[in-house]
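Q: Structural data only, the sequence is not supplied:
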């Protein structure tokens, strides 16, 4: 098993548009000693031991609403509360909210001048934003004190670094976008893994002839469909296109974004995506359900899906396969680049002094051998130097991850918040063909121009 990971990440965003006011405050009612139903069944709060009163409560917001994430996150919370609270006086209170609602909730809390003591995020432009507004504390000294540089891969810590200082801790898994499929179904149908986009399109036509929707996509939150756009742009023109647009040396209005937009519109017109694609929700598992039922042939998604599929459908998981986004024949761009992040989620801290160190001690538990074993067994591959996996799907993912020339950070993480929002909303329009490729590119570039003009 190879243990070498890609350490060439495109640099994180250097600034962001929304500057939050205030810092260091906790949201009202951030904790709780019992499960709470938010009305939609998507938010829970938990406290697993009695508060020791001397130090107080440490609020921890995350997106661990489903298994295996719920158990993986809660393990460290329980361990800290059971083993450390009596001496430290601090108790960790965990609040989990479903992914897309969480993002809005965190933004609202910060916009109101409030923020939990610990919170998961995805680095990139958002992390820079948190640092500038005072909501992410410098962890460099604690990382060195607790020896975490020796445990985490260099690339994952680099992604959590802003201006030479570490502001977040990577946890859970290396995450890259790739295609997932049912090996047994493909073998029965005589389908072959496509190496090029031409072969991918030929395969899609075969699937259509067999009454199968080629792509299982749930694009209600917009970032899922963005994966197609990012890859098509990168395959046509390389990963530097978004970087150059961000630093002002290039533009998002170019041949590569036109190619990507036109291709998605073409695939939508041909019926390669499910009906009502922009109303389907990945949080509800609408995309995975299409795979499980054999109604769709493959799913482009993050590698965290290995864990989700393993936990909810063992029969399907037994035949789970993965392959990289196919190459574009004739393109001069490096075709080995992957889109994703080395560290599925990251934890940042909004507390100081003794409280910060106690919170950090809990998060450091996510780098222990015991937790790493649990994480790997759940179907993840954490960004730890010692991590390896014998899971067949991860063997296939590592096959192309370890030979990738670079890892392009997701555009909606790399770009500043206002531009990222336009990127997602604009590209969603390609899937229902309500906007042209040129207009989608211009909409994104206009947002970029506005941001650059306001942040010179």
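A: Here it is on my side, so go on. A quick note: this is a predicted structure, and the numbers were derived from the prediction, not measured.

Q: use CA for all of it now, contacts and neighbours both
A: OK.

Q: ok, now how distant is residue 246 from residue 121?
A: When distance is defined by CA to CA, to the nearest Å, residue 246 is 21 Å away from residue 121.

Q: ok, now which ones touch the nearest residue to residue 280 once chain neighbours are set aside?
A: Counting by CA to CA, 6 or more residues apart in numbering, residue 218 is the residue found nearest to residue 280 once chain neighbours are left out, at 4.4 Å. Shown in contact with residue 218 (CA atoms under 8 Å, 6 or more residues apart in numbering): 224, 225, 277, 278, 279, 280, 281, 282, 286, 287.

Q: which residue is nearest the middle of the protein?
A: residue 344 (5.2 Å; CA atoms, centre = their mean).

Q: What are the phi and psi values at that one?
A: In terms of degrees, to the nearest 10, the main-chain angles of residue 344 are phi -60, psi -50.

Q: Farthest pair within the contacts of residue 218?
A: For the contacts of residue 218, the farthest-apart pair by CA to CA is 225 and 286; their separation is 13.7 Å.

Q: Compare those two and say which is more crowded by neighbours.
A: Set residue 225 next to residue 286 and count neighbours by other CA atoms under 10 Å: residue 225 wins out with 24 against 17.

Q: Spatially nearest residue to that one (excluding sequence neighbours)?
A: residue 219 (5.4 Å).

Q: The one you found should be in a helix, yeah?
A: No. If the criterion is DSSP: H, G, I helix; E, B strand; the rest coil, then residue 219 is coil and not within a helix.

Q: Report how many residues lie close to it.
A: 24.

Q: On the pLDDT front, check it for me.
A: What the model reports for residue 219 is a pLDDT of 98.

Q: for the one 5 residues further on, same thing?
A: Among the per-residue scores, residue 224 holds a pLDDT of 97.

Q: Name all residues that make contact with it.
A: 217, 218, 301.

Q: partner residues bridging the last one?
A: So that's residue 301. Assessed by DSSP bridges, residue 301 has beta-bridge partners residue 178.

Q: so it makes contact with residue 179?
A: Yes. Residue 301 is within contact range of residue 179, at 6.4 Å (criterion: CA atoms under 8 Å).

Q: sorry, back to before: dump the contacts of residue 224 to JSON lines, plus distance to residue 162.
A: Shown next, in JSON lines, are the contacts of residue 224 (distance: CA to CA, whole Å):
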{"residue": "217", "distance to residue 162": "33"}
{"residue": "218", "distance to residue 162": "33"}
{"residue": "301", "distance to residue 162": "27"}
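
Q: which among the residues you listed gets closest to residue 203?
A: Once CA to CA is applied, the member of the contacts of residue 224 that ends up nearest residue 203 is residue 217, at 16.7 Å.

Q: shouldn't the closest one be in contact with residue 272?
A: No. Judged on CA under 8 Å, residue 217 makes no contact with residue 272 at a distance of 9.6 Å.

Q: okay, these two: which has more neighbours?
A: More crowded of residue 217 and residue 272, by other CA under 10 Å: residue 217, with 29 against 23.

Q: What helix or strand is the residue lying closest to that one once chain neighbours are set aside located in?
A: Among residues not flanking residue 217 along the chain, residue 287 sits closest, at 5.3 Å (CA to CA, 6+ apart). Assigned by DSSP states H and E, residue 287 belongs to helix 286-292.

Q: Buried residues, that helix. List them.
A: Across helix 286-292, burial judged by 16 or more other CA atoms under 10 Å covers 286, 287, 288, 290, 291, 292.
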